[in-house]
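Peer 1: 3D model of this:
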Amino acid sequence: MSNYQRISCEDHSIYELVIMRGQSMNVEIDGEVVSIKPIDVTTKEGSEFLVYLDDQAHQQTIRADLVTIQK
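Peer 2: Down below sits the predicted model:
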């Protein structure tokens, strides 16, 4: 993916900690702040993807650079 931007080490660490603790977090996706429960960070074809449960407990996958953590 030519326009992919690697996520920061800080953001990756935040995702890993939230996943290990089984917590939810607020993030911005497509300009909207939503609460998600991250369950994995994966790599495919050189890009990182965030796998999470949305507010309806449906599993979703999104390219990690398209998500902004609300700190």
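Peer 1: May I have the phi/psi pair for Ile14?
Peer 2: As for Ile14, its main-chain torsions (degrees, to the nearest 10) stand at phi -60, psi -50.
Peer 1: For it, give me its contacts.
Peer 2: Met25, Ile69 (C-beta atoms under 8 Å, 6 or more residues apart in numbering). C-beta here means a position set from N, CA and C on the backbone, and glycine is covered the same way.
Peer 1: ok, so what distance separates it from Asn3?
Peer 2: Ile14 sits 23 Å away from Asn3, taking C-beta to C-beta, to the nearest Å as the criterion.
Peer 1: most residues in a single strand of the chain, which one?
Peer 2: Criterion DSSP state E: the longest strand present in the chain is strand 32-44.
Peer 1: what are the pairing partners of that one, and which direction each?
Peer 2: Taking DSSP bridges as the criterion, strand 32-44 pairs within the sheet with strand 25-29 (antiparallel), strand 47-53 (antiparallel).
Peer 1: what's the most buried one of those strands?
Peer 2: Scoring the strands paired with strand 32-44 by mean neighbour count under mean count of other C-beta atoms under 10 Å gives strand 47-53 as the most buried, with a mean of 19.
Peer 1: what's that one in contact with?
Peer 2: The contact list for strand 47-53, computed with C-beta under 8 Å, 6+ apart, reads 1, 4, 6-7, 12, 15, 36-43, 59-65, 67.
Peer 1: Nearest residue to the residue nearest the centre of the chain in space, please, no chain neighbours.
Peer 2: The central residue of the chain, meaning the one whose C-alpha is nearest the mean C-alpha position (C-alpha atoms, centre = their mean), is Leu50 at 3.9 Å. Distances taken as C-beta to C-beta, 6 or more residues apart in numbering place Ala64 nearest to Leu50, at 4.7 Å, with adjacent residues excluded.
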